[in-house]
Structure formats: C-alpha cells, structure tokens
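Student: Fold the following and give me the result.
(one chain, ligands or ions: 2)
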Amino acid sequence: MAYFPFFIDITDCKALVVGSGPIAQNKIKILKEFGAKVTVLSKQENSDVTKEFEIQDLDGFNIVVAATNDSQLNHKISLECKKRNILVNAVDQKEDCTFIFPSYIKQKDVVAAFSSSGKNPVICQYLKKENESIVTRQLGEINDRMEMIRKELKSVDGQTRKEILKEFLYNQLEK
Ligand SMILES: C[C@@]1(CC(=O)O)c2cc3[nH]c(cc4nc(cc5[nH]c(cc(n2)[C@H]1CCC(=O)O)[C@@](C)(CC(=O)O)[C@@H]5CCC(=O)O)C(CC(=O)O)=C4CCC(=O)O)c(CCC(=O)O)c3CC(=O)O
Ligand SMILES: NC(=O)C1=CN([C@@H]2O[C@H](COP(=O)(O)OP(=O)(O)OC[C@H]3O[C@@H](n4cnc5c(N)ncnc54)[C@H](O)[C@@H]3O)[C@@H](O)[C@H]2O)C=CC1
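Tutor: Ligands and ions are numbered 1, 2, ... in the order given. From the prediction side, this is the model:
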C-alpha cells in the first residue's frame, strides 16, 4: 500500500536522533532545516549526549530517529516509541518506521517530496533530479508574494480569486 504524504509542521518539535554516523547526520540536517529542536545521542563524541542508549532517554521527545548501526537496538527503540505514540523512523528497516523521510526539493516554503513508500529510494532520487528545473528558487519567492496577495483577496469570490491568482502566477513565471 502506498504511503499517504502528510505535510507536518515540526517547528519546535523535540526530536531525538540516536546515532551520529553519516546516516544520522543527514536526518539531523533535514529535521533542523524544517525547524525541529534536535538532540543527538550516541556513543561517539560528535553528539549532544555521549552515552549508550537507554529506554528512558526517549522521555520528553515527540519524534525519534533510530539511526544506529545496531539493527536490534533500532528495532527496540521503534517498539518502545510505538507503545508511547512517538513518531519513529528507523533507518535500517521500513517496518520499524511510523514515518519515512522522502527525497525532497525545498525552495523557501514550497516543498516537493517524493516517496517510493520505502520500496526503492533510488526512484525518489531520480524524481528529485528530474523536478529540480521546475521547483526553482523563483517559485519559492513567488509563493511568498502570493501569500500576501491571497490574503488581500479574501473578500473576492472564490472563482475570481482563483483566476487572479493563476494569472499572477503565470505572469511571474514568465519574468
Ligand atoms: C524506509 C526509508 C526510511 C528512512 O530512512 O526514512 C529508507 C530505508 C532504507 N534506505 C536504504 C538505503 C538507501 N537509501 C538511500 C537514500 C535515501 N533513502 C531515503 C529514505 C528512506 N530510506 C526511507 C524510504 C523513502 C521512500 O522510499 O519513500 C531518502 C529518500 C531520504 C533521506 O534519507 O534523506 C534518501 C534519498 C534522498 C535524496 O538523495 O534526495 C540510498 C541511496 C544513497 O545512499 O544515495 C540507499 C542505498 C541504495 C538502496 O539500498 O536502496 C536502506 C538499506 C540500508 C542498509 O543497507 O542497511 C533502507 C532500509 C530498508 O530498505 O528497509
Ligand atoms: N535509511 C537510509 O537511507 C540508509 C540507512 N542505512 C543504515 O543506516 C545505518 C547507520 O549507518 P551509519 O550512519 O553509516 O553508521 P555508523 O556506524 O557510522 O554510526 C552508527 C552510530 O550509532 C551509534 N550507536 C551504536 N550503538 C549505540 C548505542 N547502543 N547507544 C548509542 N549509540 C549507539 C554509534 O555511536 C554511531 O554514532 C546502517 O547500519 C544502515 O543499516 C544505510 C544507508 C542508507
């Protein structure tokens, strides 16, 4: 079954990443790019908390990424998060994830995200590459401008508003 693409506001969510190797670093960068408050726990020095993981380390977090190289530990973290209704991603096992990271293009607040529902991340990378010429920086900037215009058009009837907004968008794209 395909996964449904919820877009979720994670600003100021408390995220815990267990592990600080290259795979964890990528997830940390992404979570921070979308405004989450990230704590990194691992046995390595390049973490906020340097220690062996224990279950009570999950206390107080809304999002957890199990990014260790120990698949049994990642599985254990996932089970505990599921019990506590904490969103969990395990980097080595799709079944241990209650959410997965897509491949995405972000231009300011415009976000295009691609998923294979965990079947084949390389397809996601292909889709990202193919769409980079459409999801441009310009589109991100136009989006900001259109937010203001849309607010000003609140009192205009729906159909007219839609037409004005579409025309504005296409005009801007031609510039
Ligand atoms: C389920 C998921 C969970 C999650 O991580 O969220 C997951 C799981 C796994 N990935 C594995 C391997 C690889 N993953 C990548 C790349 C990406 N993987 C990402 C997401 C996801 N990967 C989630 C599903 C997303 C979906 O399909 O919709 C991307 C999109 C997002 C990101 O991580 O940033 C990012 C591309 C971003 C970009 O470039 O834009 C590459 C390619 C590369 O390295 O270049 C490889 C090597 C090739 C291969 O093996 O396929 C393995 C085997 C691990 C092992 O060997 O042990 C597992 C475990 C398993 O399959 O169960
Ligand atoms: N989802 C994805 O896109 C991909 C996932 N992977 C998976 O990601 C896993 C991690 O990869 P890397 O970052 O390269 O691994 P790594 O070996 O560089 O890092 C492992 C990290 O886990 C920490 N760790 C291990 N046991 C711990 C414990 N008991 N308590 C606290 N911290 C602990 C280590 O201190 C280290 O920071 C791989 O084993 C692989 O299965 C690999 C490729 C892509």
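Student: what's the burial count for the closest residue to ligand 2 within the chain?
Tutor: Nearest residue of the chain to ligand 2, counting by CB to the nearest ligand atom: residue 21, 2.2 Å away. The C-beta positions use only the backbone N, C-alpha and C, and glycine is treated the same way. If you count neighbours by other CB atoms under 10 Å, residue 21 ends up with 14.
Student: Pretty sure it sits against residue 70.
Tutor: No: at 11.2 Å, residue 21 and residue 70 do not qualify as touching, with contact defined as CB atoms under 8 Å.
Student: For ligand 1, see how far away the residue of the chain closest to ligand 2 is.
Tutor: For residue 21, the distance to ligand 1 (CB to the nearest ligand atom, to the nearest Å) stands at 12 Å.
Student: ok, now residue 79?
Tutor: Applying CB to the nearest ligand atom to residue 79 and ligand 1 gives a distance of 16 Å.
Student: That residue and residue 87: what is the separation?
Tutor: Note on residue 79: its distance to residue 87, by CB to CB, to the nearest Å, is 14 Å.
Student: Likewise for residue 95?
Tutor: For residue 95, the distance to residue 87 - CB to CB - is 15 Å.
Student: With neighbour numbers in mind, choose between those two.
Tutor: Taking neighbours as other CB under 10 Å, residue 95 and residue 87 compare with residue 87 leading, 18 against 8.
Student: Tell me the spatial nearest neighbour of that one, not counting adjacent residues.
Tutor: residue 63 (4.7 Å; CB to CB, 6 or more residues apart in numbering).
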